[in-house]
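1. For reference, the sequence and a predicted model appear below.
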Amino acid sequence: MCKCDKIMLPPIRKSNFKRKDFPFETAYKRMICKQIENPFTQITDLLPTHIHATNIEFFLLKIFLFVLSFMIGYNLIYI
């Protein structure tokens, strides 16, 4: 991912790490992490605990349709 798209996702360091980040780097990393985690938690909260599918194509189709419906609903609420 880093080589093709030039996307860098530096890890968030723990508090007991010997080489500390600068405060602005820590704040930036936390902001990016929250932007990534929020949509995933919203989607997983709405997912059912069990998805019944007979083969992998139907399973992927159900997941795709669920994410599509989530995005349509999200856009209708916040626009």
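-> Yes, it's here.

2. where in this protein is pLDDT low?
-> The chain contains residues with pLDDT under 70 at 1-7, 78-79.

3. Pull the contacting residues for Ile43.
-> Phe66, Val67, Phe70 (CB atoms under 8 Å, 6 or more residues apart in numbering). (Each C-beta comes from the backbone N, C-alpha and C, glycine too.)

4. From the residues you listed, pick the one nearest Ala27.
-> Phe70 (28.9 Å; CB to CB).

5. so which strand or helix has Thr44?
-> helix 23-46 (DSSP states H and E).

6. Quick check: next helix or strand after that helix?
-> helix 56-78.

7. and that next one, what other elements does it pack with?
-> If you count contacts as 3 or more CB pairs under 8 Å, 6 or more residues apart in numbering; DSSP states H and E, helix 56-78 packs onto helix 23-46.

8. still on that earlier bit, how about the helix holding Thr44, which residues are buried there?
-> Neighbour counts using 16 or more other CB atoms under 10 Å place Lys29 of helix 23-46 among the buried residues.

9. by how many degrees do it and helix 56-78 diverge?
-> Computed by axes from the mean of the first three to the mean of the last three CA atoms, to 10 degrees, the angle separating helix 23-46 from helix 56-78 equals 110 degrees.
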